[in-house]
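Novice: please find the sequence and the predicted model below.
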Amino acid sequence: MLQFLKELPKVELHAHLNGSLGMDSLCELAERLYGSASEEFSQLCARFTRFDKDSDLDACFEKFAFVHELTSTEEGLRYATELVVREFARDNVQYVELRTTPKANKSYTRREYLQHVIDAIGEARKTYPDILVKLLPSINRAEPVAVAEETVSLALEFAQSHPDLILGIDLSGNPGKGTFSDFVPILSLAREKGLKLVLHCAEIENPAEIKEMLNFGMSRCGHGTFLTPEDIELLKSRNIPIECCLTSNVKSGTVHSLEEHHLKRLMEADAPKVICTDDSGVFDTTLTQEFLLAKQTFGLTRDQCVSLTLEAVQHSFATVEERQSMATKVKNYMDSLQK
Ligand code: IMP
Ligand code: ZN
């Protein structure tokens with residue numbers, strides 16, 4: 001099954017750029033930036049290794065701050081982006097929608113941040129032509145609304161110049177921070193102007209906010225951990241998939257164990273769902289591994305893994321032709337196994 005899943009041309013719809021750098025990539029990045037013999041390099045590696053013992057949501061956000069230090073320069077950000085594409089390509093992911101929060105610091109503005117990521121994706125695709133990459137700029141709900149407004153404005157501008165790359169807006173960040181309603185006007189504008197919306201929703205227990213988000217609507221729902229059976233029925237009636245990230249939820253402590261993961265309830269309700277990594281680097285996983293865990297925990301068969309992949313194809317923001325081509329790759333793979 002491992003080999004079957006590894007070779008399956010998979011589709012990743014929920015992956016944060018800075019969370020998707022695995023240990024090897026982080027070391028490679030640190031080595032490139034500081035040199036392997038430097039004090040900075042050994043200190044960075046020691047810090048990252050210590051992180052693995054933490055397992056609550058706040059601890060995870062500290063890990064992001066650590067990765068952000070490595071991507072705080074143009075060189076670091078560009079190389080990190082290429083490494084992330086490499087990680088997904090090596091896992092035989094044929095399509096990935098990467099999300100990332102444009103940042104501003106002394107090395108780059110938010111506009112330059114996006115430009116560097118876009119350029120680096122272009123470079124990476126030359127080396128890894130088999131993977132199709134799309135980009136969803138993220139709003140960090142812990143930051144002021146003014147920053148979200150700048151992010152949406154940049155996303156709209158870059159969507160004009162790169163209509164095949166920038167397809168939507170993600171709302172993420174520490175779910176315990178910020179207030180969803182503050183972002184409704186800017187999210188509404190983004191949607192009116194044609195951007196798709198993916199919202200981290202029901203990641204923690206907050207019934208009032210969950211209702212508000214469901215009323216507002218979204219193209220896909222990130223996590224959906226604390227959705228009620230009625231909420232799930234509502235999403236099902238609107239064909240809105242829930243992006244399930246097993247390892248992420250368990251390691252960040254929002255779900256107690258794999259056995260208790262809501263993927264089971266979603267399968268029983270026959271609700272739309274996709275399997276994703278969220279932050280494959282920070283949570284030390286791969287899309288192959290997430291499918292394998294779903295198989296080991298809930299008895300997913302090969303056919304169900306293929307159906308979930310085709311479900312992800314349909315719920316991606318790719319064009320009709322791109323989706324057809326993705327589905328064909330899956331079909332060809334399955335046909336090749338019959339021979
Ligand atoms: P970045 O946007 O490329 O810097 O990716 C890391 C960022 O994504 C984090 O700092 C968070 O803002 C966001 N993020 C990653 N995983 C999660 C999650 O599980 N919940 C909410 N936000 C997340
Ligand atoms: Zn996420």
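Specialist: That came through, no problem. Ligands and ions are numbered 1, 2, ... in the order given.
Novice: which parts of the stretch 51-200 of the chain sit against ligand 1?
Specialist: Near ligand 1, the residues belonging to the stretch 51-200 of the chain are 64, 100-101, 138, 140, 172-173, 175, 200 when assessed by CB under 6 Å from any ligand atom. Where C-beta positions appear, they are placed from N, C-alpha and C, glycine not excepted.
Novice: contacts only, for Glu97.
Specialist: Neighbour list for Glu97: 12-15, 133-136, 167, 316-317 [criterion: CB atoms under 8 Å, 6 or more residues apart in numbering].
Novice: tell me the buried residues within these.
Specialist: 12-15, 133-136, 167, 316-317 (16 or more other CB atoms under 10 Å).
Novice: the residue lying closest to Glu212 once chain neighbours are set aside: neighbouring residues, count only.
Specialist: Once flanking residues are discounted, Glu212 sits nearest to Phe180: 5.7 Å by CB to CB, 6 or more residues apart in numbering. Other residues near Phe180 number 20, with proximity taken as other CB atoms under 10 Å.
Novice: isn't Phe180 right next to Lys211, touching?
Specialist: No - using CB atoms under 8 Å, Phe180 is not in contact with Lys211; the gap is 10.3 Å.
Novice: what is the most widely separated pair among the residues of the stretch 51-200 of the chain next to ligand 1?
Specialist: Within those, two members stand farthest from each other by CB to CB: Thr100 and Pro175, at 17.9 Å.
Novice: does the residue nearest to Cys27 when sequence neighbours are not counted count as helix, strand or coil?
Specialist: In this structure, Cys27 finds its nearest non-sequential neighbour in Cys45, 6.2 Å apart by CB to CB, 6+ apart. Three-state assignment for Cys45 (DSSP: H, G, I helix; E, B strand; the rest coil): helix.
Novice: what does the stretch 201-339 of the chain put close to ligand 1?
Specialist: Near ligand 1, when you scan the stretch 201-339 of the chain using CB under 6 Å from any ligand atom, you find 203, 248, 278-279.
Novice: and if we set it to 8 Å?
Specialist: Residues of the stretch 201-339 of the chain lying close to ligand 1 (CB under 8 Å from any ligand atom) are 203, 222-223, 245, 248, 252, 278-279, 282.
Novice: helices of the stretch 1-150 of the chain, start to end?
Specialist: Assigned by DSSP state H, counting those that start in this stretch, the helices in the stretch 1-150 of the chain fall at 2-7, 23-34, 39-51, 57-70, 74-90, 110-127, 145-161.
Novice: buried residues in the first one?
Specialist: Put plainly, it is helix 2-7. 4-6.
Novice: any idea how far Pro175 lies from Ser248?
Specialist: Separation of Pro175 from Ser248 (CB to CB, to the nearest Å): 13 Å.
Novice: my error: substitute Glu150 in the last question.
Specialist: For Glu150, the distance to Ser248 - CB to CB - is 28 Å.
Novice: what's near enough to touch Arg323?
Specialist: Arg323 neighbours (CB under 8 Å, 6+ apart): 313-314, 316.
Novice: I figured His200 hits Leu171, correct?
Specialist: Yes - if you go by CB under 8 Å, His200 and Leu171 touch, sitting 6.0 Å apart.
Novice: okay, and the common contacts of the two?
Specialist: What both His200 and Leu171 touch, as defined by CB under 8 Å, 6+ apart, is the set Arg141.
Novice: show the end-to-end separation of stretch 152-168, please.
Specialist: End-to-end span of stretch 152-168 (CA to CA, to the nearest Å): 9 Å.
Novice: one step back: restricted to strands, list the residues of the stretch 201-339 of the chain next to ligand 1.
Specialist: Using DSSP state E, 222-223 are the members of those that sit in strands.
Novice: could you list which of the residues of the stretch 201-339 of the chain next to ligand 1 belong to helices?
Specialist: Ser248 (DSSP state H).
Novice: neighbours of Ala312, just the number please.
Specialist: So Ala312, with other CB under 10 Å, has 25 neighbours.
Novice: how much space between the closest residue to it other than its chain neighbours and ligand 1?
Specialist: Distances taken as CB to CB, 6+ apart put Val11 closest to Ala312, at 3.9 Å, once the chain neighbours are dropped. As defined by CB to the nearest ligand atom, to the nearest Å, Val11 lies at a distance of 19 Å from ligand 1.
Novice: cool, Asp303 as well?
Specialist: Taken as CB to the nearest ligand atom, the span from Asp303 to ligand 1 is 29 Å.
Novice: helix/strand/coil for that residue?
Specialist: Relying on three-state DSSP, one would call Asp303 helix.
Novice: how far away is it from Phe291?
Specialist: According to CB to CB, Asp303 stands 13 Å off from Phe291.
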